[in-house]
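Participant: Just the structure for this:
(2 chains)
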Amino acid sequence: MSPLLYLTQQTINALAIGSLYALVSIGLSLIFGILRMANFAHGDMMMVGAFATLLLVHAGVPFGVAVVGGVLIGALAGALVERIAYRPVRGSSDVTLLLTSLAVTYILENLGILIFTSSPQNFPLPALLDDVVSMFDGQLIFTRINVLTLAATGVALLFLGWFVTRTTMGLGMRAAAEDLGAANIVGLDVNRLIIVAFVLASGFAGLAGVLWAAQSGVVEPAMGFTPLLKAFIAAIIGGFGSIPGAVLGGFLLGALETMIVAFLPSSITPYRDAIVFALLIAFLLFRPAGILRVQGEAKL
Amino acid sequence: MTGADTDALLVTSGLTRTFGRLVALRNLAITVRRNEIFGVIGPNGSGKSTFFNLVTGFIRADAGEITFDGAPIANLPATEIVRRGIARTFQGTRLFRGLSVRDNLLAAAALRSPVNWWDGLLGTPVLARAEAASGRRADELLAMISLTARADAKAGDLPYGDQRRLELARALATGPRLLMLDEPAAGMDAAETKALLDLIKDLRKRENLTVIVVEHDMELIMNLCDRVHVLAQGETVFEGTPAEVQAHPKVRDVYLGADEEAAA
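Facilitator: The predicted structure is shown next:
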């Protein structure tokens, strides 16, 4: 096999998984940047987005429309969680915030199990998207959903970049992330900004959930857990609270995981997650501010 | 209402706040008239900052009333108080340090060009007009504090004096009727202080502002203020014109006492 094609294949694999990590990680960083809160319920918005899409497809809605609907429902769920669970405890101690978000996770996942049972359900991906594209006599293989994942992530990232840097509301979010108290005294509508941040973060998570389900083929209530852990690692590697850091961390993590599988002996492969977590510990010990060195005050 | 009442912009009565067993402010009664520059002085711990924090909604009063333009504002959230027209600066600055100088002003100017959800989401002409108005206001303020050339610099990278003036401009961007300045001249040299004094006097005229200043720099207070309120240990010592304050024996006692304590 040509080394160049092999490298291209691994790059595609790395980008496909890295873009999902980036999508989830961005939302964690966006919320942490403003509220200094690790939102463990973030992964459950993936579950909400994926199940909402599943239900809409089963109800006869065309797949594309169902995906948009699923993402919007995920976004709305995030806004509701903020309004109902997080706003009442805003400004409380870190422990209170942590326990609140863990409680929300617990409630959402069990609600998922209650409604859908804990067994995985098939995700109704249209056959067209599941098609394998094979090039160079099968030396380069990818599915259409891989390409779609990359494209969707690219569009989402461009939109977020535009929103944060070019709109008045984005400016307000950056200001709130700099100093929430000062944002209050210049009269910024902090409640509105935080709701919008949750809508964006959860919408991205919902999209990641749909894409994750499309790649793995199944939907289940606990599906958000592993991606959430990976997204935390990505966010910490990049610099927690920084959006560019989250994107960078997501793609780096995707690349690292792919490289472990592609280039190390297969006897090492089962230790992939252990290696990744060792890297996380190394970062926390030696460069806790992340690659982009976010310290104290987070930068969106 | 009597003539004196309509002339009052900010009135406090019976304003009291304790921190544990320490009475930070006891029964404070202050009336600030429209368009005046009102000084609040006193030794450290006299209750000046508590007064500022109470009026701007940063802390809650244990007892007492605060009315602004005839309406009660005690215990409203800080954001609501800015909306009513009271802006403040901080001892030491609280800028959005990672944002550009111009963005600091734009973030504050957004308050006076409110946009509802739909216009904001859909980018209607209403949003475009609001953003243009904020932009004009920001540019005007940049020119006023002579920072137009550094509009794109990070606020945190500015020299300290410029940061202080930027914070003043940011407070103005919210379109206040009452401007509360917490030690605006701290860390400034004589020339900068003089420029600040001229700026505040000029602002009062141009923007039809009422100003409350907390300051340690006696010279600034005496040259700037129409009336001065003297606090010590959370209680009023005296109130009068700068000349009256300087001549008053009790005021001298308070400051001499504080000096002796500081020396001890």
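Participant: B:I66 is in contact with B:T56, isn't it?
Facilitator: No: applying Cβ atoms under 8 Å as the test, B:I66 and B:T56 come out as separate, 10.0 Å apart. Bear in mind the C-beta positions are built from the backbone N, C-alpha and C, glycine included.
Participant: And those two? Which one has more around it.
Facilitator: Neighbours around B:I66 and B:T56, counted as other Cβ atoms under 10 Å in any protein chain shown, are more numerous at B:I66. The numbers are 25 against 22.
Participant: Contact partners for the nearest residue to that one once chain neighbours are set aside?
Facilitator: Distance criterion Cβ to Cβ, 6 or more residues apart in numbering or on different chains; nearest residue to B:I66, sequence neighbours excluded, is B:A74 at 4.3 Å. Counting by Cβ atoms under 8 Å, 6 or more residues apart in numbering or on different chains, B:A74 touches B:15, B:54, B:61, B:64-66.
Participant: For B:A74, give its distance to chain A.
Facilitator: Distance of B:A74 to chain A, computed by Cβ to the nearest Cβ, to the nearest Å: 17 Å.
Participant: which parts of chain B sit against chain A?
Facilitator: Residues of chain B lying near chain A by Cβ under 8 Å from any Cβ of the partner chain: B:56, B:77-79, B:82-83, B:87-88, B:94-99, B:103-104, B:106-108, B:110-111, B:115, B:117, B:120, B:127, B:130-131, B:134, B:170-171, B:173-174.
Participant: Out of the residues you listed, name the ones that lie in strands.
Facilitator: Within the residues of chain B next to chain A, residues falling in strands by DSSP state E are B:87-88.
Participant: Buried only: go through the residues of chain B next to chain A for me.
Facilitator: If you count burial by 16 or more other Cβ atoms under 10 Å in any protein chain shown, the buried members of the residues of chain B next to chain A come out as B:56, B:78-79, B:82-83, B:87-88, B:94-99, B:103-104, B:106-108, B:110-111, B:115, B:120, B:127, B:130-131, B:134, B:170-171, B:173-174.
Participant: Of those residues, which belong to helices?
Facilitator: Counting by DSSP state H, the members of these that fall within helices are B:78-79, B:82-83, B:103-104, B:106-108, B:120, B:127, B:130-131, B:134, B:170-171, B:173.
Participant: Number of residues surrounding B:A143?
Facilitator: B:A143 has 11 nearby residues by other Cβ under 10 Å.
Participant: List the contacts of whatever helix or strand it lives in.
Facilitator: Element membership for B:A143 (DSSP states H and E) is helix B:125-144. Applying Cβ under 8 Å, 6+ apart, the contact partners of helix B:125-144 are A:168, B:101-102, B:105-106, B:109-110, B:112-116, B:119-120, B:148, B:151, B:169, B:172-173, B:199.
Participant: switch to 7 Å and redo it
Facilitator: Residues from elsewhere that reach helix B:125-144 (Cβ atoms under 7 Å, 6 or more residues apart in numbering or on different chains): A:168, B:102, B:105-106, B:109-110, B:113, B:115, B:119-120, B:148, B:151, B:169, B:172-173.
Participant: cool, stretch A:38-45 as well?
Facilitator: Outside stretch A:38-45, the residues touching it (Cβ under 7 Å, 6+ apart) are A:24, A:27-28, A:31-32, A:74, A:77-78, A:81, A:98, A:101-102, A:104-105, A:108-109, A:201-202, A:205-206, A:209, A:224-225, A:227-228.
Participant: and with 8 Å instead?
Facilitator: Looking at what lies outside stretch A:38-45 - Cβ under 8 Å, 6+ apart - the contacts are A:24, A:27-28, A:31-32, A:74-75, A:77-78, A:81, A:85-86, A:97-98, A:101-102, A:104-105, A:108-109, A:112, A:201-202, A:205-206, A:209, A:224-225, A:227-228, A:231-232.
Participant: Endpoint to endpoint, it covers what distance?
Facilitator: 14 Å (Cα to Cα, to the nearest Å).
Participant: Rounded mean pLDDT for it, please.
Facilitator: For stretch A:38-45, mean pLDDT is 93.
Participant: For it, what is the distance to the chain centroid?
Facilitator: Its chain's average C-alpha position is 9 Å from that of stretch A:38-45, according to Cα atoms, centre = their mean, to the nearest Å.
Participant: buried stuff in the helix or strand harbouring A:A50?
Facilitator: A:A50 belongs to helix A:42-58 when assigned by DSSP H and E. By 16+ other Cβ under 10 Å, the buried positions in helix A:42-58 come out as A:42-57.
Participant: likewise stretch B:195-206?
Facilitator: Buried residues in stretch B:195-206 (16+ other Cβ under 10 Å): B:195-197, B:199-200, B:203-204.
Participant: quick one: low-confidence ranges for chain B?
Facilitator: B:1-5, B:256-264 (pLDDT under 70).
Participant: For the chain, just list every one of the helices.
Facilitator: Unless you meant another one, I'm taking chain A. Assigned by DSSP H, the helices in chain A fall at A:3-35, A:42-58, A:63-81, A:94-116, A:127-130, A:144-166, A:168-178, A:180-185, A:190-216, A:225-238, A:243-263, A:272-286.
Participant: Sorry, I should have been clearer: chain B.
Facilitator: B:3-7, B:48-55, B:78-84, B:101-109, B:117-122, B:125-144, B:160-173, B:190-207, B:218-224, B:242-247, B:249-263.
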